[in-house]
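Student: Give me coordinates for this.
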Amino acid sequence: MIFRSKAPLRIGLAGGGTDVSPYSDQFGGSILNATINLCARTHIEKTNEEIISFHSIDQQKSFSFNKNEEIPLENPLSLLTGVYRSIIEDYGDIKGGLSITTSVDVPAGSGLGTSSTLVVSMIGAFSEMMNIPFGEYDIAKYAFKIERERLKMEGGKQDQYAATFGGFNFMEFYKDDYVIVNPLRIKKEYLYELENNLLLFYTSTSRNSADIIRKQQENVQKKNEKSIDAMHQLKEQSKLMKDALLKGNLDELGYILDFGFNEKKKMADDISNETIECFYTAALKAGATGGKISGAGGGGFMIFYCPGNTRFKVIEQLSAIGGRAMEYAFTEHGLTTWTSNNSL
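Tutor: Here you go, the predicted structure:
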């Protein structure tokens with residue numbers, strides 16, 4: 001018997017960074033994001049041996065240990081072992097051993113919420129196996145607790161909630177980890193047009209988001225007015241984006257993205273760089289009206305709004321520089337879990 005799960009990655013459309021403490025605690029943050037049909041997946045199979053084995057398909061790494069011994073803190077799959085350790089400590093041991101296989105459809109550090117989505121996926125598979133009565137908010141909050149509090153990984157809150165809930169959501173973040181997820185009812189014809197016009201482009205680079213996020217947090221702690229005002233503007237951007245999507249004013253989206261791109265660069269150093277600026281300038285010259293860095297910044301994926309049929313010229317120009325356009329589709333489904341009886 002195999003216990004399976006999948007959770008969708010997300011595209012952050014507006015408000016990125018305002019979900020990170022201490023800004024969200026002091027001022028309240030808001031973000032608009034959408035999940036896509038690129039996923040993180042987990043498969044757990046029980047075994048008769050007292051061995052816990054992990055296999056990361058995308059990272060091409062494996063790690064095993066005897067469940068009766070201490071889990072080494074330093075290991076090649078510390079995120080996976082950290083999730084396992086938390087679940088066992090909080091919800092009890094499992095008889096026998098486990099073979100845990102994970103995969104993610106895009107590289108780590110790409111800005112689509114890969115780490116958090118993988119954590120949500122693992123929690124989902126374990127809850128399917130152990131019959132843990134999690135609700136959607138429970139899973140997202142637990143994933144945040146594991147990543148940010150136990151594993152001390154830097155980051156915000158949006159990724160865990162996007163992966164769990166799925167769809168287009170306007171999310172609000174307040175102190176004491178209080179989060180409100182507001183699903184948006186957007187007309188299908190608006191979504192089809194947005195899917196056509198919004199180009200997802202991989203820069204073929206990755207980045208360590210932790211350093212950028214730490215600088216962002218320090219700027220809030222030190223009351224850096226330039227940085228804090230930029231976050232205020234990004235919070236306003238999320239509201240503008242929500243109104244434009246709900247009303248179908250899609251040609252406004254490029255300019256809203258461009259506004260946010262310029263404000264986000266003020267939040268912390270290293271959010272943008274020469275490579276990102278080169279891609280951004282080339283996209284605008286080819287017909288895009290705006291875009292943004294996905295995630296904390298520094299590399300990974302970018303998105304560009306390409307009205308009319310300009311996406312083809314934009315892809316041509318960006319591909320000549322490097323990187324590649326990524327096919328995707330929006331999805332309404334969040335975390336999904338199920339049990340398979342097809343084990344060998």
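Student: What is the neighbour count of residue 187?
Tutor: 12 (other C-beta atoms under 10 Å). (Glycine included, C-beta is placed from N, CA and C.)
Student: make that residue 93, sorry
Tutor: 9.
Student: Name the SS class of it, please.
Tutor: coil (DSSP: H, G, I helix; E, B strand; the rest coil).
Student: for it, phi and psi?
Tutor: When quoted as degrees, to the nearest 10, the phi and psi of residue 93 stand at phi -80, psi 170.
Student: if I look at it, how far off is residue 18?
Tutor: If you measure residue 93 against residue 18 using C-beta to C-beta, to the nearest Å, the figure is 40 Å.
Student: and if you look at residue 291?
Tutor: 19 Å.
Student: Neighbour count for these two, which is higher?
Tutor: Neighbours per residue (other C-beta under 10 Å) separate residue 291 from residue 18, with residue 18 holding more: 28 against 25.
Student: Can you verify my assumption that that one contacts residue 31?
Tutor: Yes. Counting by C-beta atoms under 8 Å, residue 18 touches residue 31, with 6.3 Å between them.
Student: what's the overlap in contacts for the two?
Tutor: 173, 238 (C-beta atoms under 8 Å, 6 or more residues apart in numbering).
Student: Per-residue pLDDT of the most centrally placed residue in the chain, please?
Tutor: By C-alpha atoms, centre = their mean, the chain has its centre lying nearest to residue 113, at 1.9 Å. The model reports residue 113 with a pLDDT of 92.
Student: Quickly note the distance from it to residue 143.
Tutor: 11 Å.
Student: overlap in contacts of the two?
Tutor: With C-beta under 8 Å, 6+ apart, residue 113 and residue 143 have common neighbours residue 163.
Student: Pull out the buried residues from the helix or strand containing residue 44.
Tutor: If you go by DSSP states H and E, residue 44 is part of strand 29-47. Applying a neighbour-count criterion of 16 or more other C-beta atoms under 10 Å, one finds 29-36, 38-45 buried in strand 29-47.
Student: Among the residues you listed, list the two that are farthest apart in space.
Tutor: Spanning the widest gap among those are 30 and 45, at 40.7 Å by C-beta to C-beta.
Student: what number of residues lie near residue 175?
Tutor: 12.
Student: Please apply the same query to residue 15.
Tutor: 30.
Student: From residue 155, how far out is residue 122?
Tutor: In this view, residue 122 and residue 155 are 16 Å apart by C-beta to C-beta.
Student: Where do the helices of this structure begin and end?
Tutor: Assigned by DSSP state H, the helices in the chain fall at 23-27, 78-91, 114-130, 136-144, 158-165, 188-197, 209-221, 225-247, 253-264, 274-286, 311-321.
Student: which one of these is the most hemmed in?
Tutor: helix 158-165 (a mean of 30; mean count of other C-beta atoms under 10 Å).
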